[in-house]
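Chemist: This is the structure alone, sequence omitted:
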Ligand code: GLC
């Protein structure tokens, strides 16, 4: 840490480069007249040429490439000496995208390269680059020309880009940063770090997502700085008028991603870096974890309690103690004499077993994984060829070089035994990589980097990503056509293609509950929608109230898992006494009732790149007062929550975006576009459904797939106007959806003062197992006189609470309800 900070202040500080390197250089070379080491800036453009989708501009020495990636995405690269580095990226899902048209025009003082939607301007005189839409509206502009400084210690360059920070421009994104949502005024660093019990504003944390969104006058663009070295971002912190990003090595290479809607920026970022594959349905149920459930009798006991108390749960986790002396891919036979039998018994009760795998492999000649790794030279080595050795849980360890494809392939096969034992999911931890004492690997460790060799400076931030990639690819083969479930702590941009993530070792405090809501909104904004926190807080002891309020937030966390450290007291939904148990149960049940809605949100993420959690600044980006809102957020398109984040809170002010909103627990209607004070009794939370929505609901089940859904309940929330809702379904655990074996239903609900119509269209080849829908009509402003389904009179029933119910065949096209 100290080293970095010094470096940051001397060599890397944008404003105050005190020339330390320069003076050293002169001391060492008093007589030689070598070129000075100093920051160099692009000068005036003297030539340009084109090759396919790339336009090159040069100042006579340095070259800049402007590459058209899609109609809305442009990549900018800088080669200080005119030669680009090899074009390789771990972040990208695929390289080639469709572009309709692009061309370059030369004007008197600038060039402009444009596509159908955007225009990139390159000034001839000072090489400043800017981006506008085709109507000429400026979105993003250089404040200074791109610049660099030679790095005499490691070779290559420190590379810098400085943009104008416009007045009131807000900034979002950057992964798991534990700070306010709008990053304006912050300077942040990316260097994956094991940060046990991290604090508010601590930086860096576990993940590196060098992607941010700028929101200027209510219109958005994104910048993805695809550089795996230690990177820095300064959002008008050092200078009100500047936003800069820079790196200690690699290439100055970034993507400009056009909006103007934030959600479109994120979707386009996903077209570059990929989305999460559709998780198996069970992976989005409720999961129970701790460090650690052992021996076997304890695991069975926890499982039994869930079923006895009728609290739904889909997965139980085994932390490191299931292993033999923390040796990955082994069992501690004393604690787990017959793991296969235990896992099968749990599976019979509807529990999936998920186990931990760390990257550190114990140095032990009698341990097959170590021997194989050693014989095949799979472990990382230092600059002078020594093995990279460090202490982690098992003691002295060596570490596979996951940036080597051969090593990844091998790593993937190691899971075979555990998969055969019946393990359903894997949890990759400590992959920053974490090393006790010194934190992580030293910089001189070498990596194969898929043939683009580099030191740990280059590979550090992708190490965890490549580990979980190896895990995912291996599991995909071992599970045949079944979807794996993986979760990782460290990540780089693009990791969503291989895994879900959690926010690491948080604390059982109200502040951390709030931090969790910020981190998950931010991760979702940064391309990692499948994310969760350790519900209850990893370290420390929550009281019943904190635990329950966290559980409520957990229902609206894409990944929902309770986890806690080894020295904590019991942390099951019933551990805080009956009153709390009742509320926890109610909310876990709610998660299961909402599963078809939640699953649809995952589908929209997988297929279209929509983020699952949506901050209000994303939902209504044109309203300046929304840019700072942090506590309320949408889960998908139809649900808004504002978790209770303080002890003893009796009510809460909640902003609702424009439209009608139904309070979930009593269906009271609130008019949006303003703030409301909402009572927050312990067994409720501010939870609203957008008027006009169709929310599918499952009956409560103890685990996904426990019950056959006989008829799918669709809750229809009346609102005037036309609203569209989607409901997705498929097998729940295979990749058949990639061959169109799924069903995506679209409901168009049109509400008038005295009628409501519901139209259905269906897409895909999957057939549901139920025959009927059970429609619940909520909030009708009229008494129903007549209902017709596809022109035929249909029976409607009203219950004591005045709600209407209709049963219809699942393949209806049109229902008309008239008053
Ligand atoms: C790390 C993980 C934590 C886990 C522990 C033991 O601290 O972040 O989730 O329980 O290691 O494996």
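Modeler: Nice, thanks for sending it over. Since we're looking at a predicted model, the values are computed, not measured.
Chemist: From residue 61, how far out is residue 122?
Modeler: When distance is defined by C-beta to C-beta, to the nearest Å, residue 122 is 16 Å away from residue 61. Yep, even glycine has a C-beta here, placed from its N, CA and C like the rest.
Chemist: So between the two, which is more surrounded?
Modeler: More crowded of residue 122 and residue 61, by other C-beta atoms under 10 Å: residue 122, with 24 against 13.
Chemist: The more buried one bridge partners, please.
Modeler: Beta bridges link residue 122 to residue 111, residue 129, judged by DSSP bridges.
Chemist: got the contact list for the residue of the stretch 51-200 of the chain found nearest the ligand?
Modeler: Relative to the ligand, the nearest point of the stretch 51-200 of the chain is residue 196 (6.1 Å; C-beta to the nearest ligand atom). Going by C-beta atoms under 8 Å, 6 or more residues apart in numbering, residue 196 touches 504-505, 539.
Chemist: Flag every residue of the protein that's near the ligand.
Modeler: Residues of the chain lying close to the ligand by C-beta under 6 Å from any ligand atom are 291, 319-320, 356, 429, 489, 504-505, 563.
Chemist: By neighbour count, which of these wins?
Modeler: For these, the largest number of neighbours (other C-beta under 10 Å) sits with residue 489, at 26 neighbours.
Chemist: Isn't it up against residue 467?
Modeler: No. Using C-beta atoms under 8 Å, residue 489 and residue 467 do not qualify as a contacting pair, with a distance of 10.1 Å.
Chemist: Find the residues that touch each one of these two.
Modeler: Taking C-beta under 8 Å, 6+ apart as the criterion, residue 489 and residue 467 both touch 428, 431.
Chemist: Would you mind measuring from whichever residue of the chain sits closest to the ligand to residue 564?
Modeler: Of all residues in the chain, the one sitting closest to the ligand is residue 291 (3.6 Å; C-beta to the nearest ligand atom). Taking C-beta to C-beta as the measure, residue 291 falls 7 Å from residue 564.
Chemist: pLDDT score for the spatially most central residue of the chain?
Modeler: Per C-alpha atoms, centre = their mean, the C-alpha nearest to the average position across the chain is that of residue 528, at 1.3 Å. Note for residue 528: predicted pLDDT of 98.
Chemist: Pretty sure it sits against residue 498.
Modeler: No. Between residue 528 and residue 498 there is no contact under C-beta under 8 Å: 11.2 Å.
Chemist: part of a strand, is residue 574?
Modeler: No. Applying DSSP: H, G, I helix; E, B strand; the rest coil, one finds residue 574 to be coil, outside a strand.
Chemist: Spit out the contact partners of it.
Modeler: By C-beta under 8 Å, 6+ apart, the neighbours of residue 574 are 305, 309, 311, 581, 584.
Chemist: is it true that the last one touches residue 551?
Modeler: Yes. The pair residue 584 and residue 551 qualifies as a contact (C-beta under 8 Å) at a distance of 5.1 Å.
Chemist: and for those two, which residues touch both?
Modeler: Contact criterion C-beta under 8 Å, 6+ apart; residues shared by residue 584 and residue 551: residue 573.
Chemist: May I see the buried residues of the longest helix belonging to the chain?
Modeler: Assignment by DSSP state H gives helix 456-478 as the longest helix of the chain. Buried residues in helix 456-478, counted by 16 or more other C-beta atoms under 10 Å: 456-476, 478.
Chemist: quick one: residue 169 and residue 236, what's the gap?
Modeler: Distance of residue 169 to residue 236, computed by C-beta to C-beta: 8 Å.
Chemist: between those two, who's got more neighbours?
Modeler: Taking neighbours as other C-beta under 10 Å, residue 169 and residue 236 compare with residue 236 leading, 22 against 19.
Chemist: Contacts only, for that one.
Modeler: By C-beta under 8 Å, 6+ apart, the contact set of residue 236 is 165, 169, 184-185, 242-243.
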